[in-house]
Structure formats: structure tokens, C-alpha cells
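> the sequence and its predicted three-dimensional model are supplied below.
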Amino acid sequence: MSKFSTLIFISGLSFLLIVITAQLPIAHPPMLIGQYIIDHAVQDTGVTNIVTSVVLAYRGLDTLGELAILFTAASGVGLLLSNKLNTKLQPSTKTVRLSNSNFIIEHALNLLFPLLLVVGFYVIFHGHLTPGGGFQGGVIIASAFFLNILAKPYKSSDSEIESTHNNLTIIESLSGVTFIAIGLYALISGHDFLEPFLSHGQLGSLWSAGTLPFLYIAVGLKVGAELSSLLITLYDIDSEELTD
């Protein structure tokens, strides 16, 4: 009986998909919303990177949901890893942090670390002008801080790592509050939530697109702080060696 039920379900679903597909104008998609964005994004938001107008203006509420998902995932993994670390440390009387660094890696990071920061912030600040933005730039910044700790494990004490976690938490919280505050201020000013306001400025210049660059800065700092905290927690779990 179950086989016949499955067959009936598959047949009905296939029939439904065929009917829907047959009614679609093949090779001639309506593109109503997409065409509107292509035609009006520059005028509505003042950006040259139309993707930014979609991410932060036309579907800014969805982006806020994505940030919430990232925060929830990072928090969940962090809680699981912290519980694992506490369980490992309970029977131990002494913790020794091992070093896997060497002279070449350490000094190469001294040159690479500021370069990664510059690239990361450049990608964030120019997200409304060129491909990139807060998510991509945040990942680059997180990689910079994580590589810096990974290359110098013997210089990263438990207290320093805990202090780094606290600072990252503050940055992440302030960034999230700033993102929401900009959206709420738009509502108070008579606009839609996260709708760009302020002057669009000169098209193609750094100071343009109204509030969108500020939103991307908040996104970049939030993503960078969350990923940095998660990567450092992973490193902290892996690099703890328990001895008597």
C-alpha cells in the first residue's frame, strides 16, 4: 500500500510541476522586480553596485535575518565548544599552550596582517561602489586576526584570548545595534525600514548612497567579530594541552 501511495504522490507532484512549467513563458521571464531594480536602483539609492542596493535597501530586512542566523549559528557553536573546553579543563591542574610557530611565519604575518586589514576595510567601505561589501570584508578581517593568533600561539595567553573575546563581543553587539538603529531611524523619518536616507551625494564617489555605506560598515564589523570569535574559540579548543 505504501508503494502505491508513494507512486500516487510522485505522479500528482509531477503533474503539478508540468502544468506550472507549461504556463511559464519559456526563455521570456517576466523579470518585473528585477527589471525595476535595474532601471531604478541608481536613482533610488545612489549606488553604482546594484547588488548593494538589493542587499541593503530593497531586501534589507532579509539581510537582517541573515545576520541573525549567523549570530545564532556562531553563538550555538561557541556554547558547544565552551562546554567542551570546560569539561576538558575540570580534571586538569595545569594548562600549557603549545607553540607551532616559527620565525618565518611570524614575521611574514607582521607584513600580511596590516595588508589584510587594509584590504578588508577597503572591501567594506567600497561595497556600494564595487563588488564586495560587509560580508566579504568581514571575512577578510576575521581571517587577519585569526592568522595573527595562529602564527604566534606562544604569545597568546589565556587572559589575552579572553580579553579578545570580550572586545569582539562588544564590537559585534554595537554593530548589530547600529544596523537596527539606522533602520528604525528611517521609520521615524517617514521612510521604510532600512530605506536609504540622507543625500545620495555624487554618483561613484566614496561618500555617496546615503546610509548604505554605514549599514555595510555595521555588517562588516558584525560579521568580522562573530567569525573571529568563533575561529579563536576553535583554536583555543585545539591548542589546549592538559598536563598533571
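Yes, it's here.

> helices of this protein, start to end?
With DSSP state H as the criterion, the chain has helices at 2-23, 32-45, 50-53, 60-89, 103-125, 134-151, 158-188, 212-239.

> got the ones you listed as TSV, with distance to Pro196 columns?
In short, each C-beta sits where N, CA and C put it, glycine included. Formatted as TSV, those follow (distance: least, Cβ to Cβ, whole Å):
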stretch	distance to Pro196
helix 2-23	36
helix 32-45	5
helix 50-53	8
helix 60-89	9
helix 103-125	16
helix 134-151	15
helix 158-188	8
helix 212-239	5
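
> and the ones you listed, which one's lowest on average pLDDT?
The weakest mean pLDDT among the helices of the chain belongs to helix 60-89, with a mean of 77.

> in terms of secondary structure, what does that helix contact?
Packing partners of helix 60-89 (3 or more Cβ pairs under 8 Å, 6 or more residues apart in numbering; DSSP states H and E): helix 158-188, helix 212-239, strand 240-243.

> tilt between the longest one and helix 60-89?
Which is helix 158-188. 160 degrees (axes from the mean of the first three to the mean of the last three Cα atoms, to 10 degrees).

> still on that earlier bit, with mean neighbour count as extra columns, can I get the helices and strands packed on helix 60-89 in JSON lines?
Listed next are the helices and strands packed on helix 60-89 as JSON lines, based on neighbours: other Cβ atoms under 10 Å:
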{"stretch": "helix 158-188", "mean neighbour count": "15"}
{"stretch": "helix 212-239", "mean neighbour count": "22"}
{"stretch": "strand 240-243", "mean neighbour count": "12"}
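
> need those in CSV (columns: distance to Gly133).
Formatted as CSV, those follow (distance: least, Cβ to Cβ, whole Å):
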stretch, distance to Gly133
helix 158-188, 13
helix 212-239, 5
strand 240-243, 36
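
> so which of those is nearest Leu17?
Nearest of the helices and strands packed on helix 60-89 to Leu17, taken as Cβ to Cβ: helix 212-239 at 37.0 Å.

> and the closest one, what does it pack onto?
Going by 3+ Cβ pairs under 8 Å, 6+ apart, helix 212-239 lies up against helix 50-53, helix 60-89, helix 103-125, helix 134-151, helix 158-188.

> got TSV for those helices, with distance to Leu212 too?
Shown next, in TSV, are those (distance: least, Cβ to Cβ, whole Å):
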stretch	distance to Leu212
helix 50-53	6
helix 60-89	9
helix 103-125	11
helix 134-151	10
helix 158-188	10
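
> so which of the ones you listed gets nearest Tyr235?
So among the helices and strands packed on helix 212-239, helix 134-151 is nearest, using Cβ to Cβ, at 6.2 Å.
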